[in-house]
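Engineer: A predicted structure for the sequence below; I have some questions about it.
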Amino acid sequence: DTGVSQNPRHKITKRGQNVTFRCDPISEHNRLYWYRQTLGQGPEFLTYFQNEAQLEKSRLLSDRFSAERPKGSFSTLEIQRTEQGDSAMYLCASSSPPQGAEGNTIYFGEGSWLTVV
Amino acid sequence: AQSVTQLGSHVSVSEGALVLLRCNYSSSVPPYLFWYVQYPNQGLQLLLKYTTGATLVKGINGFEAEFKKSETSFHLTKPSAHMSDAAEYFCAVSGYPSGGYQKVTFGIGTKLQVIP
């Protein structure tokens, strides 16, 4: 078990450019989440996948944001036409099916820092 | 709907002193409760969780938390603070996963400073 892996860990981009983040969940986890965290705040839910299906999207996920999980394994989060307000840490998490207590726990990756200049 | 309130965005304790980080939750269904720790520039690491059963939960690094339904609280404690405990701590709540999905809602976090 190598944990949830995210890359790149840091990205600096100019306003208006597109960026893409990748997340590789824990291998046996079929549930995958994206959260956003800004300075001084807790993580805020963005979207949730069960296998390849995107089952919920937060209203925080504007139309410039798109997330995919094409084969039910890794996921990508793309931000188009970045704005300075997009600067944040983007956290990916995964969990196993809800079997007993373990299935109610989500495990986070190290996060991907985005700075838009 | 569910929410978490963490009382005190910054807490300072002396090394060796008791650590108490407060968390109150609101949930329309029986909650599952979590504490995560975040070190600078890193992701969140699970400290402990309450799902069902024993209301006193022990976690890693000597931390524990007690679920008190009557007080809607899930405070985090550690008898003796260590310098390495300096970090940000997040309390989180989720409802029972319906259809396999558990939306987890986080508090704004409490930064713990440990003074030598």
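Structural biologist: Cool, got the structure.

Engineer: if I read this right, B:Thr51 contacts B:Pro30, doesn't it?
Structural biologist: No. B:Thr51 is beyond contact range of B:Pro30, at 9.5 Å (criterion: CB atoms under 8 Å). All C-beta spots, glycine's among them, are computed from the backbone N, C-alpha and C.

Engineer: look at these two and report which has more neighbours.
Structural biologist: Neighbour count, other CB atoms under 10 Å in any protein chain shown: between B:Thr51 and B:Pro30, B:Thr51 has more, with 20 against 10.

Engineer: off-centre distance for stretch B:53-61?
Structural biologist: Relative to the chain's own centre, stretch B:53-61 is displaced by 11 Å; criterion: CA atoms, centre = their mean, to the nearest Å.

Engineer: what are the buried residues along that stretch?
Structural biologist: Residues of stretch B:53-61 classed as buried: B:57, B:59 (neighbour count, 16 or more other CB atoms under 10 Å in any protein chain shown).

Engineer: try stretch A:83-95
Structural biologist: For stretch A:83-95, by 16+ other CB under 10 Å, it's A:86-95.

Engineer: give me the lowest-pLDDT entry from the residues you listed.
Structural biologist: Of all those, A:Ser95 carries the smallest pLDDT score, 88.

Engineer: quick check: that one touching A:Phe49?
Structural biologist: No. Between A:Ser95 and A:Phe49 there is no contact under CB under 8 Å: 10.8 Å.

Engineer: which residues do those two both contact?
Structural biologist: A:31, A:33 (CB atoms under 8 Å, 6 or more residues apart in numbering or on different chains).

Engineer: residues from chain B in reach of chain A?
Structural biologist: Within chain B, the positions adjacent to chain A are B:4, B:9, B:32, B:34, B:36, B:41-46, B:49, B:51-53, B:90, B:92, B:94, B:96-97, B:100-109 by CB under 8 Å from any CB of the partner chain.

Engineer: just the buried members of those?
Structural biologist: For the residues of chain B next to chain A, a neighbour count by 16+ other CB under 10 Å gives the buried set as B:4, B:32, B:34, B:36, B:42-46, B:49, B:51, B:90, B:92, B:94, B:97, B:100-107, B:109.

Engineer: out of these, list just those in strands.
Structural biologist: B:4, B:32, B:34, B:36, B:44-46, B:49, B:90, B:92, B:94, B:104-106 (DSSP state E).

Engineer: and which of those is nearest B:Leu21?
Structural biologist: Nearest to B:Leu21 among those: B:Phe90, at 9.8 Å, using CB to CB.

Engineer: find the closest residue to chain B in chain A.
Structural biologist: Using CB to the nearest CB, the closest approach of chain A to chain B is made by A:Gly42 at 3.4 Å.

Engineer: who does the closest residue to that residue other than its chain neighbours form a beta bridge with?
Structural biologist: Closest residue to A:Gly42 apart from its sequence neighbours, by CB to CB, 6 or more residues apart in numbering or on different chains: B:Phe106 at 3.4 Å. Beta-bridge partners of B:Phe106, counted by DSSP bridges, are B:Ala92.

Engineer: test my guess that B:Phe106 contacts B:Phe90.
Structural biologist: Yes. Contact criterion CB under 8 Å: B:Phe106 and B:Phe90 qualify, at 5.1 Å.

Engineer: shared neighbours of the two, anything?
Structural biologist: Common neighbours of B:Phe106 and B:Phe90 (CB under 8 Å, 6+ apart) are A:42-43, B:36.

Engineer: could you dump these into a markdown table with pLDDT and distance to B:Leu18 added?
Structural biologist: Output for the shared contacts of B:Phe106 and B:Phe90, formatted as a markdown table (pLDDT from 0 to 100; distance: CB to CB, whole Å):
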| residue | pLDDT | distance to B:Leu18 |
| --- | --- | --- |
| A:Gly42 | 91 | 24 |
| A:Pro43 | 92 | 27 |
| B:Tyr36 | 96 | 21 |
